[in-house]
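Q: Using only what follows, build the 3D model:
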Amino acid sequence: MKGLILAAGYGTRLYPLTLDRPKPLIKVGGKTILERLLRKFEALDGCDTVYVVTNDKFSDMVIKWVSGRTFSVEVKVINDQTHTNDDRLGAIGDINLVLENEKPCDDVLIVAGDNLFEFEISDFVRFGRDKNKVSVALFDVKDLKLAKKYGVVALKKDSSISDFQEKSPDPKSTLASTGIYYLPKEKLGAVGDYMKTSLTKDAPGNFVKWVSETDEVFGYVFTQGWYDIGDKVSLEKADIEYRERELE
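A: The predicted structure follows:
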């Protein structure tokens, strides 16, 4: 299995914290988001490589950070060669870049670089492998107003997706797509197919929605902690809770 961490954003909602560093190198509870995510991949049996896709502005910083630490998985930093928020490839474009350049012949677990979560990632991988379909991890935010901020999913009884809405003003569900995706190796080519469309290349949820219109996509619901580090309020909340947890 291969891992892919999306870390090429410019963190505009977290300025000025992200003026001199990418969002995944911000510390939460004394550790960077990127370290917490990479340790999750370390604990995943069969994962031998994690690609961290970043941008030209922060590539050298991420490479230096990785070289100063030891991980039990190979960590490969991929520069998407963008320089500003205006010329970014978008998350789906970055996924496609890694798949085209690295050509992994394996299942790929994708995680957004501003995500922190507390469930056992091996359970989600097992779920995706059992289905052998594109799968997404979901968290119930239990609030329709809050759900407007996310891609939200409606599920059938067999856990397949019946509807996907990306940041809808009128969400039909409170099950939020968390930016954690499983792509079986047989489905990797779908990313390239999506790139040929005129659809937006930004949020991966748009890819999930597109796939679900012609093939089964499955949702894995977890109840353990999830933190979407999208702004200063969510960052402060996560920082406090991680510090409290690690003092216990």
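Q: Next, count neighbours for Lys27.
A: Close neighbours of Lys27, defined as other Cβ atoms under 10 Å, add up to 15. C-betas here are computed from N, CA, C, even on glycine.
Q: Show me what it bridges to in the sheet.
A: Thr32 (DSSP bridges).
Q: tell me the mean pLDDT for the helix ranked longest in the chain?
A: Using DSSP state H to define each element, the chain has its longest helix at helix 232-247. In this model, helix 232-247 has an average pLDDT of 88.
Q: can you dump the C-alpha coordinates of it into PDB?
A: Provided in PDB are the C-alpha atoms of helix 232-247 (Å, rounded to 0.1, in the frame of the first residue of the first chain):
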ATOM      1  CA  LYS A 232      -7.800  29.600  13.600                       C
ATOM      2  CA  VAL A 233     -10.800  28.600  15.700                       C
ATOM      3  CA  SER A 234     -10.500  24.900  14.700                       C
ATOM      4  CA  LEU A 235      -6.700  25.000  15.200                       C
ATOM      5  CA  GLU A 236      -7.000  26.400  18.700                       C
ATOM      6  CA  LYS A 237      -9.700  23.800  19.600                       C
ATOM      7  CA  ALA A 238      -7.600  20.900  18.300                       C
ATOM      8  CA  ASP A 239      -4.400  22.200  20.000                       C
ATOM      9  CA  ILE A 240      -6.200  22.500  23.400                       C
ATOM     10  CA  GLU A 241      -7.700  19.000  23.100                       C
ATOM     11  CA  TYR A 242      -4.500  17.300  22.000                       C
ATOM     12  CA  ARG A 243      -2.600  18.900  24.900                       C
ATOM     13  CA  GLU A 244      -5.200  17.800  27.400                       C
ATOM     14  CA  ARG A 245      -5.300  14.300  26.000                       C
ATOM     15  CA  GLU A 246      -1.500  13.900  26.100                       C
ATOM     16  CA  LEU A 247      -1.400  15.100  29.700                       C
END
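Q: I'd like to know which elements it is packed against.
A: When contacts are defined as 3 or more Cβ pairs under 8 Å, 6 or more residues apart in numbering; DSSP states H and E, helix 232-247 sits against strand 27-28, strand 226-228.
Q: Point out the most buried one among those.
A: Among the helices and strands packed on helix 232-247, strand 226-228 has the highest mean neighbour count (mean count of other Cβ atoms under 10 Å), at a mean of 21.
Q: which residues sit against it?
A: 28, 114-118, 139, 150, 178-179, 234, 237-238, 241 (Cβ atoms under 8 Å, 6 or more residues apart in numbering).
Q: Show me which residues of the longest helix of the chain are buried.
A: Buried positions in helix 232-247, judged by neighbour count with 16 or more other Cβ atoms under 10 Å: 234-235, 238-239, 242.
Q: Ok, stretch 66-73 next?
A: Under 16+ other Cβ under 10 Å, the buried positions of stretch 66-73 are 66, 73.
Q: rewinding a little: and which of the contacts of strand 226-228 is nearest to Gly90?
A: Gly179 (13.5 Å; Cβ to Cβ).
Q: on that earlier part again, just send the helices and strands packed on helix 232-247 back as a markdown table, with mean pLDDT and distance to Thr197 too.
A: Formatted as a markdown table, those follow (pLDDT from 0 to 100; distance: least, Cβ to Cβ, whole Å):
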| stretch | mean pLDDT | distance to Thr197 |
| --- | --- | --- |
| strand 27-28 | 94 | 36 |
| strand 226-228 | 93 | 27 |
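Q: mind putting these in JSON lines, distance to Gly128 included?
A: Converted to JSON lines, these look like this (distance: least, Cβ to Cβ, whole Å):
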{"stretch": "strand 27-28", "distance to Gly128": "26"}
{"stretch": "strand 226-228", "distance to Gly128": "18"}
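Q: between those, which gets nearest to Ala91?
A: strand 226-228 (13.8 Å).
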